[in-house]
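1. 3D model of this:
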Amino acid sequence: MEDTPFGRMITAMVTPMHNDCSIDYDGLQRLAVHLANHGHDGLLVNGTTGESPTTTDEEDYSSVQAVVEAVGDRVAVMAGCGTNDTEHSTRAAREMVARGADALLVVTPYYNKPPQDCILEHFRLVAEAGGQTPVMLYDIPGRTGTALTTDTIRRASDIEQVKAVKDAKGEMFEASRLMAETDLLWYSGDDVVNLAHLAQGATGVVSVVGHVAGDLYAEMIACMDRGDLARAREIHTQLIPAVDAIMHTSQGAIQVKAALKMLGVIDSDQLRMPLREGPAEHIERLRTGLAASGLL
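-> I've put the predicted structure just below:
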């Protein structure tokens, strides 16, 4: 497999919580070990799936430190540090690195919708704040309200620390164009199109469904490396019910926390408002989807 500073099979970890909504750091470490034991060579802490909009800075830093302590000698630990405030993001980048993060994920600033030249400068300042730590940009216009243009990504590739893109935009041809024109490592940021991205040259995936399917997605990546498209397609097809149940029933963090509790990996599926546990019909759809994919 290609060696990268981020890993190739990466899951954007949920943040386990106690029933009072405080973070379960022991549970977070157990989850990290579980994922490291099941196909992962990279983990993302403090991503959106980790409920980063409702966790505090100190909780974020402590979560990174906890995961580094648990599995930092086994997998690459990437920390989400991007916000819509550049000063806040640079401060977070410095602290995440100080707590042991191997890499940083920087999302496009959201809600305030800066123009492309401002986004590029934001990326530059946050990347520089992390010193020489590798940076993965996160392009997810469905959440941020602003898509990165092809030219902005091309120009961002000239920033020394920027090494990769997590693509949740889904413009497949533009992704292939940028893979051909730059040295950026490309990662699928949407489990629905993992196979499609890998088939056109992506390095790996940053997954949500990987919480329950890490071994299978790692096998899919290995299959694409050796040119076994038939087996990779089989894995994709096998996982359709699970992907559908997790990603298309409700919000991803809600469903995947329920799945992890169902599988006995975490103790509680507690979330922080405005997220909360789903209704019984969502749990049943989840149970059916996991079973149909051979994961339950």
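
2. Now residue 174. Nearest residue, chain neighbours left out?
-> residue 150 (5.2 Å; Cβ to Cβ, 6 or more residues apart in numbering). Where C-beta positions appear, they are placed from N, C-alpha and C, glycine not excepted.

3. how close does that neighbour get to residue 125?
-> 22 Å (Cβ to Cβ, to the nearest Å).

4. Helices of the protein, residue ranges please.
-> For the chain, helices defined by DSSP state H occupy the ranges 25-36, 57-71, 86-98, 116-129, 141-144, 150-156, 172-181, 194-199, 210-225, 229-247, 252-262, 280-292.

5. I'd like to know which of those lies nearest to residue 8.
-> helix 210-225 (5.5 Å; Cβ to Cβ).

6. Could you list every helix and strand that that closest one packs against?
-> strand 9-12, helix 25-36, helix 194-199, strand 204-207, helix 229-247, helix 252-262 (3 or more Cβ pairs under 8 Å, 6 or more residues apart in numbering; DSSP states H and E).

7. Out of these, the one nearest residue 75 is which?
-> Comparison of the helices and strands packed on helix 210-225 against residue 75 by Cβ to Cβ identifies helix 25-36 as nearest, at 5.2 Å.

8. List of residues touching the closest one?
-> Helix 25-36 is contacted from outside by 11, 13-16, 43, 62-63, 66-67, 69-71, 74-75, 210-211, 214, 260, 265-268, using Cβ atoms under 8 Å, 6 or more residues apart in numbering.

9. buried set for that helix?
-> 25, 27-32, 34-36 (16 or more other Cβ atoms under 10 Å).

10. Stretch 232-249 now?
-> 232, 235-236, 238-239, 241-247, 249.

11. So what's the gap between it and the chain middle?
-> Mean C-alpha position of stretch 232-249 versus that of the full chain (Cα atoms, centre = their mean, to the nearest Å) differs by 17 Å.

12. CA atoms only: put it into PDB for me.
-> Extracted in PDB, the C-alpha atoms of stretch 232-249 (Å, rounded to 0.1, in the frame of the first residue of the first chain):
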ATOM      1  CA  ALA A 232     -13.900  -4.300  -4.800                       C
ATOM      2  CA  ARG A 233     -17.300  -4.200  -6.400                       C
ATOM      3  CA  GLU A 234     -18.500  -7.100  -4.400                       C
ATOM      4  CA  ILE A 235     -17.600  -5.300  -1.200                       C
ATOM      5  CA  HIS A 236     -19.300  -2.100  -2.400                       C
ATOM      6  CA  THR A 237     -22.500  -4.100  -3.200                       C
ATOM      7  CA  GLN A 238     -22.400  -6.000   0.100                       C
ATOM      8  CA  LEU A 239     -22.200  -2.700   2.000                       C
ATOM      9  CA  ILE A 240     -25.000  -0.900   0.200                       C
ATOM     10  CA  PRO A 241     -27.700  -1.700   2.900                       C
ATOM     11  CA  ALA A 242     -25.400  -0.500   5.700                       C
ATOM     12  CA  VAL A 243     -24.400   2.700   3.900                       C
ATOM     13  CA  ASP A 244     -28.000   3.300   3.100                       C
ATOM     14  CA  ALA A 245     -29.100   2.700   6.700                       C
ATOM     15  CA  ILE A 246     -26.400   4.900   8.200                       C
ATOM     16  CA  MET A 247     -26.200   7.700   5.700                       C
ATOM     17  CA  HIS A 248     -29.700   8.000   4.300                       C
ATOM     18  CA  THR A 249     -32.000   7.400   7.200                       C
END
